[in-house]
Structure formats: structure tokens, C-alpha cells
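Q: got a sequence here, can you build the structure:
(2 chains)
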Amino acid sequence: MASKRRRLSRSGEFDRVYRDGSSHATRYLVLYTFPRRDEGSEDVRLGVSVSRKVGGAVERNRVKRALREAFWGLSEQLPERHDFVVVARSEITDLIDREGSPGLTGSLEEALAGASPGGRST
RNA sequence: UGGGCGGGCCGAGCGGACCGCGGGGGGAGAGAAAACCCCUCGAGGAAAGUCCGGACACCACAGGGCAGGGCGGUGGGUAACGCCCACCCGGGGAAACCCGCGGGAAAGUGCCACAGAAAUACACGGCCGAUGGCGCGGCCACACGUGAGUCGCGUACAGGCAAAGGUGAAAAGGUGCGGUAAGAGCGCACCGGCGUCGCGGUGACGCGGCGGCCAGGCAAACCCCGCCCGGUGCAAGGCCAAGCAGGACCAUCGACCCGGCUCGGCGAGGUCCAGGUAGGCCGCAUAGAUAGAUGGCCGCUCAAGACAGGAUCCGGCUUAUAGGCCCGCUAACGGA
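A: This next block holds a predicted model:
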């Protein structure tokens, strides 16, 4: 598990993933992937971005929680030593209300399948 | 009892030897950390809007005057407030109660649309023969057609009037009687308002006596009066670490700064360009993060859960809010 420390914490780290990583979008979210080469740790790290367009503070926290839980539920399928950023789109609340966490997991798998195979940069 | 009015409170609950999250402590481990196990604490009535008031921090001291801003019935409460409580006044209601940006309009300036004659000033249409003038007539006087006398009738030229009419949110108190040529607070009675005196009240104010009719509204128009206010806000601010490359100009003959101006003060750096960093700790809390912690699932109950999540901390206000509970008051209406 150990999800709690595997987070991106600096805006610079987010910028690096946005700038140098690859991305794949679905209807409900955008997944950015960035393979780290220079650091010793083999951990997978995750950042979550939920803008105000999604809702108020309560709604945004709910979305973040659900995204983290669904993401780490897929930890078996994740490549080592990668940084991920999940950006929620405003339609994501419809998905959570309608299908719950299975729907989120499905959407994340779809994005992973589109983004990860090459692990290519730029 | 339904209804009405006021106030207060809750705002899903319980269970699961379930799966998870943030802080702290401990165990084991150990160079240090992470992984592992245990214990403990962990959002709201509004945490919100950021609208007031403080604390705190920096601006060298945080000073005076002007300018500027805020507040505004009275008395208390408070660290303070634009908040709270009680009371007063005005308006509404049958009552309980509710409503109120509630100082001053006889300090001055300004504004009062449309309509209307006229909006602090007036006379459109009007009224008036008491007065002067003019006209006619009678009487009177005489130098016999005049008048300087006197009386009557007519006339709105001079003059007097603002009551009734129309307009308007508002037209120089209202109603009645007297009064007059017509009228008018011109006089009187009552009411309203103003002033003054007495009494009651800490006070706003109330009650009563007396006086004279002079006083339109707007101060969320300028203004006047009283009280209050230095600025910026935790991205305040303090410390540590890392890193680069200097140059130009101004400045102890006083720069820069002290929100504006000025008085006054301070006393050694300041401004611009280029270059380099943009990491950690404190501030920061017996919840305390720094991409930001309270959820998921299952069962039952009420009966179907609304608005909604801390970010320096307190005291208020305002706004959002499904449903429910409790207390007190009132007695119009419906029922008995």
C-alpha cells in the first residue's frame, strides 16, 4: 500500500509531469505519465488535480479520495519509477454518482492502456 | 387543540472484532529514514461570504495639524465593534409582537421632475365699491357753469385679499364660531406643531401650565455637530540553507523612508538594469495540513438526511440550509 507518501507535493513536480510526460484523456479524466530515471526510489507517485469547475470543496475532496483509491487499487498494473498526474474533468461527478468506484477504475484503466505502453517521453 | 407570535436546540443515529485517511506517542527495528504492530486525537452551525471589531506581526518612534473615511435616538454590556440587552420615539396589528442607515432643515448653500399661475415663492381664473381716482345724479356754495364740500349709484384704473377652484407627493397648520368691503391666527375654542416653565425619569422622553402663530420636504445633496480611525496583512513576518556577476545613477550639502499634503522625525543606504535562487523550519494552536486529512461497503432504526469542509487565532454580522424537537406568549378565526 503505502499510498500516503507516494504523492507529488511540489508544483515543480507537477509541471515536470505536464511538460515532459505523455498524456491520455478520457471523457472523465486526463492521465499524465512521466518515467523518472534520475532518482533512486522505485516508487510510483501520484498527483491529483481537481479544479473548481468540478464543484465545491466537499465535492472536490470526494473526487480526490475516490480517484486515489481507484488508482492505488490498480497498483499491480503500474510501471515502477513513474510519476502520474490525474486531472479530473467536470463530468467525473456524473460517473461517480452513476457507477461508483468500479466506473472510476474502468476509466483509469482505459487511460493507462492509452498512455503507458511505450513509456515514451514527449 | 388547530392557528398566530417570539426564543432556544439538533441537524441522521447505532452496530461491524470490515477496508482506508491526517497528526501525535509507543513498540520492534536501527547509522538515519521507510515498511510492520499497538494506543490516542481528528471539521461546522454556518467551518462560507471576507462585511465589521480586536489580538498578533512588520513598516526606525507610530507623533501633531489639514485632507480623507466610518458611526449616529437613549442608557448599559464588552478587549473592541457598525455587535448584544433594556428602554424611548414613529408606523403597523385585535393581541402576543413586528418594522426603522431614528443627530441637526429658525448656520448657510443647493435641489424639489411631470403637472400647475406659482415649489419658499406666486396670483391664472377669481373675490372686494371700505379708501383714492373716474363717470353720472341729488344737495350745498357762488362771480351760473364751475367746485376744494357732502350724499347716493356705477366702475376693478390705483389698491386690498389669498378663503373657495384647478395641479401636485407637497401650495405659508386643521375644524368650527366670530369678524370684514372682501378676507386672513385678525380674535376665540379644541386639536396638531413650536417655545418656555414646573414635575417625573441617569437619559432619550413623558405629563401638566403658560405664551405667541414665525418655521414645507430632501442631510443614503453639499454641509454642521458629537464620537472614533496611521498603513499593510500570516503569501504578515522571523530564522536557516543553497546560489550568481556585476554595472549605472542618487545619497550624510541628509538620499530613501515615516499611506496623501504639511509640520516634525529618522540617519546610511536607496533606485534601475543584468544575473542567481525560488528549498527547509518557525509563526501554527491539547484537529493543524501545505497538491491540502473524516470516506467506502454491509445491517437495522427514524423515515429517506439539506446547506456544506478548517488554513494565523478570537468576538460579531450576513448569506445558504431537508427535516425535526423543546419552551413561553396571544386568543381574531375554525372546532369542542
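
Q: what's the separation between the residue nearest the centre of chain A and residue A:79?
A: Nearest to the geometric centre of chain A sits residue A:86, at 2.8 Å (C-alpha atoms, centre = their mean). In this view, residue A:86 and residue A:79 are 15 Å apart by C-beta to C-beta, to the nearest Å. To be clear about C-beta, it is placed using only N, CA and C from the backbone, and glycine gets the same treatment.

Q: so what's the residue count around residue A:83?
A: 22 (other C-beta atoms under 10 Å).

Q: wait, is it part of a helix?
A: No. Residue A:83 sits outside any helix when classified using DSSP: H, G, I helix; E, B strand; the rest coil, being strand.

Q: surely it and residue A:17 touch.
A: Yes. Applying C-beta atoms under 8 Å, one finds residue A:83 in contact with residue A:17, separated by 5.1 Å.

Q: any idea how far the helix or strand harbouring the residue nearest to the centre of chain A is from the chain center?
A: Here residue A:86 sits within strand A:82-88, counting by DSSP states H and E. Mean-position distance between strand A:82-88 and its chain equals 3 Å (C-alpha atoms, centre = their mean, to the nearest Å).

Q: which strands and helices sit next to that strand?
A: Packing contacts for strand A:82-88, counted by 3 or more C-beta pairs under 8 Å, 6 or more residues apart in numbering; DSSP states H and E, involve helix A:11-20, strand A:29-35, strand A:45-49, helix A:57-73.

Q: may I see the buried residues of the next helix or strand after the first one?
A: What it means is helix A:11-20. Once helix A:11-20 ends, the next helix or strand along the chain (criterion: DSSP H and E) is strand A:22-25. Residues of strand A:22-25 classed as buried by neighbour count (16 or more other C-beta atoms under 10 Å): A:22, A:23, A:24.

Q: follow-up on the earlier one: distance of the residue nearest to the centre of chain A relative to RNA strand B?
A: 10 Å (C-beta to the nearest atom of the strand, to the nearest Å).

Q: against RNA strand B, how distant is residue A:50?
A: 8 Å.

Q: state the distance from that residue to residue A:22.
A: According to C-beta to C-beta, residue A:50 stands 21 Å off from residue A:22.
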